[in-house]
Structures are given as C-alpha cells and as structure tokens.
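S.K.: coordinates only, no sequence provided:
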C-alpha cells in the first residue's frame, strides 16, 4: 500500500503467524488470539454445508450469500462462515479493531484456513465468531408475535448503530437487517454489527460515503421487508415507508450529535443544555469546540468527539452491571426512585447504588426459577418486571411492591415468553453463490477499436 | 449512456504527503468498457470512487456526458455500483428480486415490468422470472444480481473488484458474462481489478496505475505490444516480460554475441546501458554461440509448448530487473532443451522492447 493511501485507511495490525495444526495428515492454519484445541475436533475436511446435524446448533441464520452454520463447542456457541481465506482474515482483524474501538459487533474467534477435502481438493477458509447471547436476527423476531411497531424499533436501533460506526470512521458498505443482530434493550432494541466483510476503517468518512451507506441501507431494508411480505410474515408495515425511516432517523441523530450552534453570549446556559440533550439520547461529549467572536457577543459550539453509552457507563461505574444503554437508563431511574423512597438523597451515590444492587436488583433477578433464565437477560427481565408493576399498580389504583410484581410476572407472564438465550427451530435461508452454471450467455466478440 | 472524463482529477487524503490519485486524465467513450488496473495502493479504487461521488475530488474535474459531476452527490450522478451487495431474497420471485429497487424509486408498475422483462431477455432469465432464487443455479443467481443493476438503466456502471469473493470457476465464468453483457447493453462501464488477466480479457481499454499516477491507457493489444514504460512492461503479461540490462554498443544494443540494431538517435540520452525487454514467446533458439547464453534451471513441459526457466550467464547482462526472477522462454514442446544445458537465444525481429534504465521510459517504438 502506498504512503498516501495508508494514511487514508487506518492501520490494521499485521496478523500474527497462524498456528499450524497437523490433523491426520492435513495441515490447518488457525489464526486466533486464544485458540481452543476443541476447534480441531470439527470436521474441517467437509464443506460447511455438509457438516452433520449432530455437530450443529439450529440457530437462525438470516439471508447470506455464504454458507453459515452454528456449532456448540466447549460450552459456547460459535458461528462459522465459509469464505475465501484473504477475506476471512481481513474480516477477523476488522472485527477485532471495531471491538477495540468499543463498537457493538460480534466477537471474532478464529480463522481456519488450509482446509482440504478427503480427495485433497482445497476448501474455502472459515471465519469463526462467538454467538452473541440473547441476540435476535430480524427474521427470528418476525416469526414471533410482534408489536406492530417492531420494524420501526429495529430500524431505530440500526440507525444508532450506523451513526456510531460512521462517527468512528467505519464505512460499512453492506448495511442491512441481515447483517445486524438485535438485543432487547428495555423495550427497544440495541443493534450489533455481524458482517464486516465489505467494511473499511478510515480517519473520517466523507458525506458521499455516509450517503452511500444510507442508500444501501434503504434498498436492503426495503428488500428484506418485501421478502417478509412475500413470505406472509409482515404485519401491515409498508416496506418502503419503513425503509425510509432509516434515512430520517439517521439524519436526526447525526445532526443532533454533530451540528454547530451559534447563540448570544447571554445564553451560555445553552452549552450545558446541548450537553444534557446529548446525554439524554445516550451520548457523552468528549470534546466540544467552543469559539467566541471577536467582540465576544456570540458563541459557536460544535461537538467534536461524542461517545455512546452515557447511561451504561454510569451504571457500570456505580454497580458493575454491564448492560445496554436503554436498560441502564431504566435501572438508573429505579435507583433514583430507591434513593428517594429511602430518603438517602444526601448520601454518597455509590453507597446507595451498592444497597440497591444488593437489596433490589439481585434478589429480583435471582428469584426467577433456573429453567426460565434462558428467556430474557437479567437486565431486560428487571425492566419487564418494572413495566409489569406499573400495569398492576394502574389496575389496582395503588402502589405495588416490586417483590409482589415479580411473583406475579414469573407466574403469569414469563412462562409464555420464548427462550431467547440461543433461540432454536426458526426457518433458515441462505443463497450461496458458488454452483457452476450450465447455461452460458452467448459470448459477443470484441470489435477492434 | 454517456462519456466519462477524468480531467486532472486529484485526490489527496488529509495528512497524506502526496496524492493518492494525481492529475488523472482519461477520456472514456460512450459505451466503452474501461478497466482500471494496478497493484494495491495504486489509486484505482479511489479513482472509481471519485467518479461515484464517494471520495472528494481535491483538484480537477470529473464529467459524465456534458455534466460536471465533480461536486454532485452519488445519487445525482446516475451511476450504478454493481455487486456491492447482491443479496437475493428467498420468498420473492426472480422478477421481484430484479425490480424491487425501482419500486422504491417510485417507478410505476408497468414500467418496472417492461424493464425487468427487457433485462431478463438480455440475461437469458425470461423463463425463470416467476421462480424463486433457490430454484436457480449459482450462475443464474449471479445474473439475477446483475439484473438488479441493469433495470436501473444508469448512464455508467461502476464495478469495484466484483469477482473477488467468487470461487475460481465462477470467477472465470462471470468474467465472460460481464464482458458479454456489457457489449450487449452498450453501457459505459468502469471496472476496477488488481488482476491483469481480468483487465486484459475484459476491457476495450486498460488503464494501468501506479502510486496514483496513470502509467498508460491503451487497448489490451497495443499495451501488450508497446508498453510505455518498464512498470507496464513488467505488470502486463503472464508469464511476465523478461527485463535485462544490456550495454549500448556501436550500432545498437548488445545481446550476448549479437547486436540488436538500434539507431543511436533513438537511444537519446540513455547512457551506456539500457533495459531490454523480451516476452517469453518472442524468443528464438539459436545455434551454440549465437546470441545470449542462458543456463537452464527448470523445464516445464506443457505439451505443445515448454517453458524454460534459466539465468543469463555471468558477464552477459549489466543489470537484471527483479534479480530474483528467472529468464523465461517459451520453446517448442516437442524438442525442449534439457535442464542444466546452455541455450542460446535472440529476440525475434520487431519483438524487442528497449527502455531507459534510469527513467524506465520506452526508447524505441
């Protein structure tokens, strides 16, 4: 790569020498930060689509142009994608870099290359990633009975993800619902990037690059929703209207996070107001450009560096709980209520948080019978119980204790919820393009110029 | 359909010491298939993205037809990036897979039907329009994906390494299909690849870039026969051209015991040595003592032909371009010389390329 283009794209760490494992006469190259020897037990000499069912976990796979399978290995679930070796290695390091930047994406586990079949013919490499627990592909969500605004909530989550990626300089190139996993987040969703195959990390993105991603997102989302409609799975949403939502939501959020404001020097409270507005939508301001004019009569401000996770970082600091942003906001609200109810506003926040965790959060989330713990993550369960308490109180016309709400929720609501830790039995679809066509287009001869 | 013009187009990334694309000038004819080729970091993808509106243009202009598009947003340029993402949707018919993007763009149903049917005819997919993608072969699916771009009827198709994630068989097959399809449609196409074979087999013209600079833009045949400089000479062709340093002598350039006749004036200020380029197939095997002696290290027999890999004997050459590379010659496969033997060769008349050893420029036409 030339010096000039090297500055355009961020440095991607050079892969460490892969470990080479001899497996019955076949040398496999495994690139992994912590290789698990159990990987060697998988049938790498078979094309992924022929792997026996007893090795696989039947998780939904979404639409993919590659063969993708899930396997259970050493107590965890791994996603395996068959892909050309250079693309697999590139995506592995890209996912690692995105993870280091604190961006929500699946965690890469290994690249396995050097595969050959029983006859000695080469097979494509495999990219192995960890399955994100309690994550939901959009197609799996649509196989459940859904609230009518589900598509809108998914799109909103994807818009937040896309803005975060763009702020970090990641040009995705293939934005879609299929390339995203969704995690429940206090009644909404948080989105995680799953497929970084087409992506590039840059110092910053041009407007044209951001618009290109948005255009791809719009077309892909419409296609995915048209497909659900054709399969009888869409619940009245209009695919085109819904796909346009990504553009609106993205622009609203981008403007809020990056737009410049100018105001009179007598309105200095607006600096604080801008920061609070960003906090409210879950972002911290790490760097704010502030410029006054020569006469000092007007002030110009523009956020330069913003960082998602305002509420989740605060909750993590206070309690050690690592949860999604919306969940953190909900839990922090309950912590505030606890503080008010116990009349401890004057006390140190960390001490109150410690007591809330020990007296409220942990007893409630632990009271769920083990057989039902695979249905929802603890923080989401806590959010649901708070919601349930609100409905019970409204019905009863009086306050309800959270302990009572929990008993009622576990008895009457939770049993009907689907198992979501690693959901099973959903129709899967993949359309890999690797077969050889028998029908050629007639070749048109080149005419001399 | 339209012409495309890069007019001194320049891209400098923030903080870079020199441009990634430096004053690029290419005129692309209406309906032409132009391939941008070069090694990693040469600026080929950046050039394509400047045309697409995805990279800012810091100097010069870009024209599509008679419109200056230098500062237009991507969607206002009427160009289509092909194969960036070709997901096919399993519950939708082939026709819907091809036409749904037009629905988003607000095109009416009868117009969509017409365009889809026209595209299907060109792609030989008419009989499959009502089928689901799962019922199609891999190549047919690939063509449905092409159909998605074709129905948009853009003025220019842009393709950035579209075959990079296909397996080898499908890559060769799709290469032929894209070239064939482009000629049927007659839509101006700019195609980026790092693979010189892909470039030479697909393009009406090929533009070779290195370090952000255009090296040569020519038809594949002319570029192969008349590379403008050492870089193009070494990059285009497989196996690559042999490039060896030879002394300038009275009447021409010495080549072993013979002299390649070159008028002194044609050598300009090349100095006492030049680089001689000979393609492996342009070598004549001569009787012992006549020409350049090569010690044969490997003989690769391919049936009709054999490739000889060897080293010019010590003292015969002044400099070897890429010293690690062996000298390669294609000889009669039925009578190949043996490994370890010495073979005398001369370049065929009119098939020799001479370059300035310092600047790399071609010296003789």
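M.R.: It's in. A quick note: this is a predicted structure, and the numbers were derived from the prediction, not measured.
S.K.: any idea what the residue nearest to residue A:96 when sequence neighbours are not counted is bridged to?
M.R.: Closest residue to residue A:96 apart from its sequence neighbours, by C-beta to C-beta, 6 or more residues apart in numbering or on different chains: residue A:108 at 5.6 Å. Glycine gets a C-beta too; all of them are placed from N, C-alpha and C. Taking DSSP bridges as the rule, residue A:108 bridges to residue A:129.
S.K.: thought residue A:108 was touching residue A:98?
M.R.: No. Taking contacts as C-beta atoms under 8 Å, residue A:108 lies outside contact range of residue A:98: 9.4 Å.
S.K.: spatially central residue in the chain, please.
M.R.: Answering for chain A, as no chain was given. For chain A, residue A:192 is the residue whose C-alpha lies nearest the centre (C-alpha atoms, centre = their mean; 1.0 Å).
S.K.: that was the other one, I meant chain B.
M.R.: residue B:199 (2.8 Å).
S.K.: ok, that residue touching residue B:34?
M.R.: No. Between residue B:199 and residue B:34 there is no contact under C-beta under 8 Å: 9.8 Å.
S.K.: now do the residue of the stretch 201-350 of chain B found nearest chain A: how many residues are near it, please.
M.R.: Closest to chain A within the stretch 201-350 of chain B is residue B:211: 5.4 Å, counting by C-beta to the nearest C-beta. Per other C-beta atoms under 10 Å in any protein chain shown, the neighbour tally for residue B:211 reads 20.
S.K.: can you pull the phi and psi angles for it?
M.R.: The phi/psi pair for residue B:211 (degrees, to the nearest 10) reads phi 50, psi 40.
S.K.: gap between it and residue B:170?
M.R.: The gap separating residue B:211 from residue B:170 is 32 Å, by C-beta to C-beta, to the nearest Å.
S.K.: same question for residue A:41.
M.R.: 31 Å.
S.K.: can you give me the helices for the chain?
M.R.: Using chain A here. Using DSSP state H, the helices of chain A run over residues A:3-8, A:85-100, A:138-142, A:150-167, A:207-230, A:239-258, A:269-280, A:310-319, A:325-341, A:349-356, A:362-366, A:378-396, A:402-412.
S.K.: right idea, wrong chain: chain B
M.R.: B:44-52, B:94-104, B:109-122, B:138-150, B:168-185, B:196-202, B:220-225, B:230-235.
S.K.: identify the contacts common to residue B:199 and residue B:34.
M.R.: Shared contacts of residue B:199 and residue B:34, defined by C-beta atoms under 8 Å, 6 or more residues apart in numbering or on different chains, comprise residue B:206.
S.K.: and the pLDDT for residue B:150?
M.R.: Looking at residue B:150, its pLDDT stands at 89.
S.K.: report the contact partners of it.
M.R.: B:98, B:119, B:122, B:123, B:181, B:185 are the contacts of residue B:150 under C-beta under 8 Å, 6+ apart.
S.K.: what would these look like in TSV with distance to residue A:396 and pLDDT?
M.R.: Formatted as TSV, these follow (distance: C-beta to C-beta, whole Å; pLDDT from 0 to 100):
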residue	distance to residue A:396	pLDDT
B:98	57	94
B:119	63	91
B:122	69	88
B:123	65	88
B:181	69	86
B:185	70	88
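S.K.: picking that back up, give me the more crowded residue out of residue A:41 and residue B:170.
M.R.: Neighbours around residue A:41 and residue B:170, counted as other C-beta under 10 Å, are more numerous at residue B:170. The numbers are 20 against 13.
S.K.: what's the burial count for residue B:109?
M.R.: Neighbour tally, residue B:109, other C-beta under 10 Å: 10.
S.K.: got it, and the one 5 residues further on?
M.R.: The burial metric for residue B:114, expressed as a neighbour count using other C-beta under 10 Å, is 14.
S.K.: would you mind giving the domain segments of chain A?
M.R.: A:3-131, A:136-258, A:261-308, A:314-416 (automatic domain parsing).
S.K.: of the ones you listed, which approaches residue B:138 most closely?
M.R.: With C-beta to C-beta, the closest approach to residue B:138 among these belongs to domain A:3-131: 10.3 Å.
S.K.: distance between that closest one and the chain's centre?
M.R.: 19 Å (C-alpha atoms, centre = their mean, to the nearest Å).
S.K.: just stretch A:308-315 next, same as before
M.R.: With C-alpha atoms, centre = their mean, you get 16 Å for stretch A:308-315.
S.K.: residues contacting the closest residue to residue B:346 other than its chain neighbours?
M.R.: In space, and not counting its chain neighbours, residue B:346 is closest to residue B:291: 3.9 Å by C-beta to C-beta, 6+ apart. Counting by C-beta under 8 Å, 6+ apart, residue B:291 touches B:255, B:256, B:257, B:258, B:284, B:344, B:345, B:346.
S.K.: where in chain B is pLDDT low?
M.R.: Counting by pLDDT under 70, chain B contains low-confidence ranges at B:1, B:83-85, B:319-324.
S.K.: and the closest residue to chain A within it, how many neighbours does it have?
M.R.: Among the residues of chain B, residue B:139 lies nearest to chain A; the distance is 2.2 Å by C-beta to the nearest C-beta. Residue B:139 has 20 neighbouring residues, counting by other C-beta under 10 Å.
S.K.: isn't it right up against residue B:173?
M.R.: Yes. The pair residue B:139 and residue B:173 passes the contact test of C-beta under 8 Å, sitting 6.0 Å apart.
S.K.: what is residue A:180 paired to in the beta sheet?
M.R.: residue A:193.
S.K.: same check, this time on the one 5 residues further on
M.R.: According to DSSP bridges, residue A:188 are recorded as the beta-bridge partners of residue A:185.
S.K.: contacting residues for it?
M.R.: A:157, A:324, A:325, A:326, A:327, A:380.
S.K.: hmm, 10 Å instead?
M.R.: A:153, A:157, A:160, A:191, A:312, A:323-330, A:377, A:379-380, A:383 (C-beta atoms under 10 Å, 6 or more residues apart in numbering or on different chains).
S.K.: again with residue A:381
M.R.: Contacts of residue A:381 by C-beta under 10 Å, 6+ apart are A:184, A:327, A:364-365, A:367-368, A:372-373, A:375, A:406, A:409-410, A:414, A:417.
S.K.: just the buried ones out of those, please.
M.R.: A:184, A:327, A:364, A:365, A:368, A:373, A:375, A:406, A:409, A:410, A:414 (16 or more other C-beta atoms under 10 Å in any protein chain shown).
S.K.: pretty sure residue B:203 is touching residue B:178, no?
M.R.: No. Between residue B:203 and residue B:178 there is no contact under C-beta atoms under 10 Å: 11.1 Å.
S.K.: which neighbours do the two have in common?
M.R.: Joint contacts of residue B:203 and residue B:178 (C-beta under 10 Å, 6+ apart) are B:33, B:189, B:191.
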